[in-house]
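Q: Below are the sequence and a predicted model; questions follow.
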Amino acid sequence: MADRSRKTLVPQAEPVMDRFKYEIANELGLLEKIRSQGWGEMTTREAGLVGGHMVRRLIQVAEESLAEE
């Protein structure tokens, strides 16, 4: 498994982003696999799906926030 050497700019965001990651995995039907096998056993495609959906959702929220201003 790769060393997790990235630094979080806002440490309080780490648990929120982890919950968000699990929420997206659940929506994609991957949560049971993650619970039984762990994140390390996900395929590259599955991990990309989770990450891609997270980015799309974050962009959507940012756009909505900007539109309100």
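A: Looks like it came in fine. Numbering: from 1, shown residues only.
Q: for residue 11, helix, strand, or coil?
A: coil (DSSP: H, G, I helix; E, B strand; the rest coil).
Q: how many neighbours does it have?
A: Neighbour count of residue 11, defined by other CB atoms under 10 Å: 8. All C-beta spots, glycine's among them, are computed from the backbone N, C-alpha and C.
Q: And it, how far from residue 60?
A: From residue 11 across to residue 60, the span is 25 Å (CB to CB, to the nearest Å).
Q: Report the contact partners of the closest residue to residue 53 other than its chain neighbours.
A: Leaving aside its chain neighbours, residue 53 sits nearest to residue 24 (4.8 Å; criterion: CB to CB, 6 or more residues apart in numbering). By CB atoms under 8 Å, 6 or more residues apart in numbering, the contact list for residue 24 reads 50, 53-54, 57.
Q: Kindly recompute the last result at 10 Å.
A: For residue 24, the contact set (CB atoms under 10 Å, 6 or more residues apart in numbering) comprises 30-31, 49-57.
Q: can you list those in a markdown table and add secondary structure?
A: Listed next are the contacts of residue 24 as a markdown table, based on three-state DSSP:
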| residue | secondary structure |
| --- | --- |
| 30 | coil |
| 31 | helix |
| 49 | helix |
| 50 | helix |
| 51 | helix |
| 52 | helix |
| 53 | helix |
| 54 | helix |
| 55 | helix |
| 56 | helix |
| 57 | helix |
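Q: Show me just the buried residues among those residues.
A: 30, 49-50, 53-54 (16 or more other CB atoms under 10 Å).
Q: Residue 19: which of the residues you listed is nearest?
A: The nearest member of the buried ones among the contacts of residue 24 to residue 19, counting by CB to CB, is residue 54 at 11.3 Å.
Q: List the buried residues for stretch 17-36?
A: 20-22, 24-25, 30, 34.
Q: and which of the residues you listed is nearest to residue 64?
A: residue 20 (16.0 Å).
Q: The residue nearest the centre of the chain and residue 66, how far apart?
A: Centroid check for the chain by CA atoms, centre = their mean gives residue 21 as the closest residue, at 3.0 Å. From residue 21 over to residue 66 the distance is 24 Å, taken as CB to CB.
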